[in-house]
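Undergrad: The following comprises the amino acid sequence and a computationally predicted model.
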Amino acid sequence: MKSRFHGAATLSVLAVSALALSACTSTGGGEEAAEGEVSLISPGTLTVCSDIPYAPFEYVENGETVGFDIDLVNGIAEDLGVGTNVITTGFEAIETGSALDTDQCDLAASGMTINEERESVMDFSEPYVADNLGLLVAPGSGIESVADIEGRRVGAQQATTGEAFARDNGADIVQYEDSALMIQGLSTGDVQAVVANVSVTIPAIEDNPELELVEEIETGEQLGLAVKTGNTALLERVDESLAAMKEDGTIAELEAKWLSTTDSEGTGDSASPEPAAS
């Protein structure tokens, strides 16, 4: 079945149509939404918080913000009949829920793993991608598995599941604000290894072939989008869009576009998990 994915052109098309459609789709500002009606912080625009750069989910290429999550939220905005505005937000503000609670954005999209701690401060969509953690090392590190990272200088992006895993396994943690700085730290010898999602480490190897993924850590993580706690109207629409994109092949198309390297290398699991029962 042909998917609904339209690539980078989606945003420009939506921007033209947003004004005409937003009045019947969403409210915002000081207006109070009717029950079941989606209320957006900026009428006619889905405002998205995203930790950039975090390739392949969100990063800047030739002056344009691109990635798996960007294509995904553009599709959701299209279903809502509104435009998209992606704002760069530190991951700590995203994963603690503060960016959503302070109305910086309507939706958080940042390759974020669903877990109980985060579910206590925000509401998650159904999962859209499954992932694992990976241990990426520099040449000559002597690190061959997770068993070797105890007491070693290991990098991780702050507030991520990779950081928590490395700390739980006795590593001397070096925090990085974003994934690009983390990979740079590994390449320059600031750290001997990094722990991050496989979907992030594989593209890093493409750009830095001297690095090596020595172990995939089976964590069974599932990634989801998030809204402010209690924003059920928007969450329901997001889940409807994700279900439709799974059904019509859009999710599979995005996986092939952004995560196909993971599959070709035989590492990671980029297949979308089955939606949970409603």
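TA: Received it, and whenever you're ready, just let me know what you need. Residues are numbered from 1 along each chain as shown.

Undergrad: does A233 really touch S39, like I thought?
TA: Yes. Assessed by C-beta atoms under 8 Å, A233 is found in contact with S39 at 7.0 Å. Just so you know, the C-beta spots here come from the backbone N, C-alpha and C atoms, and that holds for glycine as well.

Undergrad: Mind listing the strands the host helix or strand of V195 pairs with, and their directions?
TA: Per DSSP states H and E, V195 falls inside strand 193-197. The sheet places strand 193-197 alongside strand 129-137 (antiparallel), strand 153-157 (parallel), with pairing taken from DSSP bridges.

Undergrad: and the residue positioned nearest the centre of the chain, which of the three is it?
TA: The centroid of the chain falls nearest to G111 when counting by C-alpha atoms, centre = their mean (1.7 Å). The assignment at G111 comes out as coil when based on DSSP: H, G, I helix; E, B strand; the rest coil.

Undergrad: Pull out the buried residues from the strand ranked longest in the chain.
TA: Ranked by residue count and defined by DSSP state E, the top strand of the chain is strand 212-223. Residues E212, L213, V214, E215, E216, I217, T219, E221, Q222, L223 are the ones in strand 212-223 that count as buried (16 or more other C-beta atoms under 10 Å).

Undergrad: looking at it, the fifth one is touching L136, isn't it?
TA: Right, the one you point to is E216. No. Between E216 and L136 there is no contact under C-beta under 8 Å: 10.4 Å.

Undergrad: so which of the strands paired with strand 193-197 gets nearest I87?
TA: strand 153-157 (18.5 Å; C-beta to C-beta).

Undergrad: and the closest one, what's its mean pLDDT?
TA: For strand 153-157, the mean per-residue pLDDT is 98.

Undergrad: Ok, stretch 128-143 next?
TA: 97.

Undergrad: need the helices for the protein, in chain order.
TA: Taking DSSP state H, the helices of the chain run over residues 9-25, 68-80, 91-95, 98-101, 116-119, 161-168, 179-187, 198-207, 232-247, 250-258, 260-264.

Undergrad: So which of those helices is the most surrounded?
TA: Ranked by mean neighbour count, the helices of the chain are led by helix 68-80 with a mean of 24 (mean count of other C-beta atoms under 10 Å).

Undergrad: any chance of the helices of the chain in JSON lines, plus mean pLDDT and distance to D51?
TA: Compiled in JSON lines, these are given as follows (pLDDT from 0 to 100; distance: least, C-beta to C-beta, whole Å):
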{"stretch": "helix 9-25", "mean pLDDT": "36", "distance to D51": "19"}
{"stretch": "helix 68-80", "mean pLDDT": "98", "distance to D51": "10"}
{"stretch": "helix 91-95", "mean pLDDT": "96", "distance to D51": "4"}
{"stretch": "helix 98-101", "mean pLDDT": "98", "distance to D51": "10"}
{"stretch": "helix 116-119", "mean pLDDT": "97", "distance to D51": "14"}
{"stretch": "helix 161-168", "mean pLDDT": "97", "distance to D51": "13"}
{"stretch": "helix 179-187", "mean pLDDT": "96", "distance to D51": "8"}
{"stretch": "helix 198-207", "mean pLDDT": "92", "distance to D51": "11"}
{"stretch": "helix 232-247", "mean pLDDT": "98", "distance to D51": "19"}
{"stretch": "helix 250-258", "mean pLDDT": "96", "distance to D51": "16"}
{"stretch": "helix 260-264", "mean pLDDT": "45", "distance to D51": "20"}
